[in-house]
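Trainee: Here is a sequence together with a model predicted from it:
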Amino acid sequence: MNNKYSPQDWQRLSEYLDGQLSPQEKARLETRLQTEPELKMAYSEMRQTKILLKSSKNLKSPRNFTITEAQALTLKPVRKNRFLPVLSFSSLIATVLMIFAIFFELTSGANLTAQVANEQPAASLAMESAPMDSRAAEGNPMIIQWGGNQAYGMGGGGGDSTSLAVGGGAEQNDLLTKSMNETPGVGGADPGAISITPTPESPPETAILTAPVEIPGPITGAGPILGIRSGEEADSYNQAVMNDLVTQSAARQSTEKPALPFLRWIQVGLAILAIITGGTAIYLWRKSRI
Amino acid sequence: MDEIALALSAQQGDLNAFNRLVLEYQDLAFNVAYRMLGDSDAAADASQNAFISAYRHLSTYRGGSFKSWVMRIVTNTCYDELRRQKRRPTTPLEPLNDENQDENDSPEWMKDGQPSPESMLESNELENAIQSCLQKMKEDFRLVVILVDIQGMDYQEVSDDTGMPLGTIKSRLARARGKLRDCLQYFRELLPANYRLDDEGNL
């Protein structure tokens, strides 16, 4: 074909040759044919090709293809399978229901996640938001004064329910809180007391921080270094932490279980039904196809 | 001939009614099969198989044009035969032409002299050329051009016979004509003068 013209042009020429163009398209093409000699040449060649094809001989069949009585007796008529529409319909319905089940699971799963997120302990949320609040309350940076009374270290931040406090901070967990009360923190300045004095513009609520902080109670512990637990204490402490973690993990797993386990079985059953009925329908259709 | 009444009678077990329909459409079926398959023996077998299949599936005929129904069976049978040939290609035991065994490499119609255009239109060379060009095309394009340009059907009839949408028929026909135009160039030049353009491009 001439590359100058697009397949659409060729199709229009072909339809024009068969008288299949609408009056508007026909008028437009005839205008082009008058102005474009190459297009007219292409049309002429297509027309000649059609004439050649039309001139080909119409062959006579070499024999009659009629069916004799004897043949008719041996030919089994093919009946349309009654189960074919039923199977096709069943496959379709099973597929649609399966899609609905998957969609329902997805939507209910999203709701469950949102619910679990809302049920997180309020204390945990408070812990997370506390630093932000304290920072917000601080109009100016605090001034830390070193020296004075003997003080213990104040290192270590507070932990939440899922993280451990390291270095003497208080933790949300009761067990850890208890242990931390018994054991001073590590990393404090020595000697002297820590006093945190807010700037004069600070709100009155922070004034309490200006007083020297003293941690009551004597230092206990048998370790060679003050404030470091002995091996036994450390083991018992670690064991308690591990037990706590295991308990939390088990609780979390119990909440993450699918809320609707039967839905999964329904989905699997529908998928199997759709595959079996669809496959059988295709087989029967191919068998009965003419 | 009321083909629908005959077809309904055949459905009731009237073999004569069915055979009358066979006689009516067997030439058309054979011609289409021959153009599709390129071999008269294969075309005869395909036609016979198509009518046998039509007889066995008479219960699925739901009225309408019996011609379209039976021609769809014929085209499906031809497609099945072409698929079978591709799966299990066969080699003829005898050469296609006793005088020239290299039929495919240098077709006989290309080596002939240049007889008069009038006689060319009636000649076997043109038949061979058309058949050779048709065999070079894809089956879907071949079927459309056979039904429209050789059998003279309109687009809607072809759509009824083959189940193809009209748009597909139009595009395939245009492409098939373009390919045949190139393939039959030699014969186009031999057409009578009234079928050709003059020097100024006028018909």
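Mentor: Good, I have the coordinates.
Trainee: only C-alpha atoms for contact and neighbour calcs from this point on.
Mentor: Fine.
Trainee: How is chain B partitioned into domains?
Mentor: B:3-87, B:108-195 (automatic domain parsing).
Trainee: Would the last one count as contacting chain A?
Mentor: Yes - using C-alpha under 8 Å from any C-alpha of the partner chain, a contact is recorded between domain B:108-195 and chain A, made by B:121-122, B:126-127, B:130, B:149-152, B:170-171, B:173-175, B:177-182, B:184, B:187-188, B:191, B:195.
Trainee: Mind checking which of those residues are in helices?
Mentor: Judged by DSSP state H, helices contain the following of the residues of domain B:108-195 next to chain A: B:121-122, B:126-127, B:130, B:170-171, B:173-175, B:177-182, B:187-188.
Trainee: tell me, how many neighbours does residue 6 end up with?
Mentor: All of this is about chain A. Using other C-alpha atoms under 10 Å in any protein chain shown, A:Ser6 has 11 other residues around it.
Trainee: right idea, wrong chain: chain B
Mentor: 20.
Trainee: For it, give me its contacts.
Mentor: Shown in contact with B:Leu6 (C-alpha atoms under 8 Å, 6 or more residues apart in numbering or on different chains): B:17-18, B:20-21.
Trainee: any idea which element it lies in?
Mentor: helix B:3-11 (DSSP states H and E).
Trainee: what's the spacing between the closest residue to chain B within the stretch 101-250 of chain A and A:Leu263?
Mentor: Going by C-alpha to the nearest C-alpha, chain B is nearest to A:Phe103 of the stretch 101-250 of chain A, at 35.6 Å. Separation of A:Phe103 from A:Leu263 (C-alpha to C-alpha, to the nearest Å): 11 Å.
Trainee: More neighbours: which of those two?
Mentor: Shown here are A:Phe103 and A:Leu263; by other C-alpha under 10 Å, A:Leu263 has more neighbours (16 against 12).
Trainee: Find the least confident helix or strand in chain B, judged by mean pLDDT.
Mentor: helix B:108-111 (a mean of 52; mean pLDDT, DSSP states H and E).
Trainee: What is the burial count for B:Ser65?
Mentor: Neighbour number of B:Ser65 under other C-alpha under 10 Å is 16.
Trainee: doesn't B:Asn19 make contact with B:Ser9?
Mentor: No - counting by C-alpha atoms under 8 Å, B:Ser9 stays clear of B:Asn19, with 11.1 Å between them.
Trainee: Who has more neighbours out of the two?
Mentor: B:Asn19 (22 against 15).
Trainee: Could you find the closest non-adjacent residue to A:Ala101?
Mentor: What sits nearest to A:Ala101 in space, not counting adjacent residues and going by C-alpha to C-alpha, 6 or more residues apart in numbering or on different chains, is A:Gln267, at 6.2 Å.
Trainee: do B:Leu147 as well
Mentor: Nearest non-adjacent residue to B:Leu147 (C-alpha to C-alpha, 6+ apart): B:Met153, at 5.7 Å.
Trainee: in the lengthiest helix in chain A, what counts as buried?
Mentor: Secondary structure of chain A per DSSP H: the longest helix is helix A:83-118. Going by neighbour count (16 or more other C-alpha atoms under 10 Å in any protein chain shown), the buried part of helix A:83-118 is A:84, A:87-92, A:94-95, A:97-98, A:101, A:105, A:112.
Trainee: Next, format these as a markdown table and append pLDDT and distance to A:Ser56.
Mentor: Shown next, in a markdown table, are the buried residues of helix A:83-118 (pLDDT from 0 to 100; distance: C-alpha to C-alpha, whole Å):
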| residue | pLDDT | distance to A:Ser56 |
| --- | --- | --- |
| A:Leu84 | 82 | 44 |
| A:Leu87 | 88 | 48 |
| A:Ser88 | 88 | 45 |
| A:Phe89 | 90 | 48 |
| A:Ser90 | 91 | 51 |
| A:Ser91 | 91 | 49 |
| A:Leu92 | 92 | 49 |
| A:Ala94 | 92 | 54 |
| A:Thr95 | 92 | 52 |
| A:Leu97 | 92 | 57 |
| A:Met98 | 90 | 57 |
| A:Ala101 | 88 | 61 |
| A:Glu105 | 83 | 65 |
| A:Leu112 | 62 | 74 |
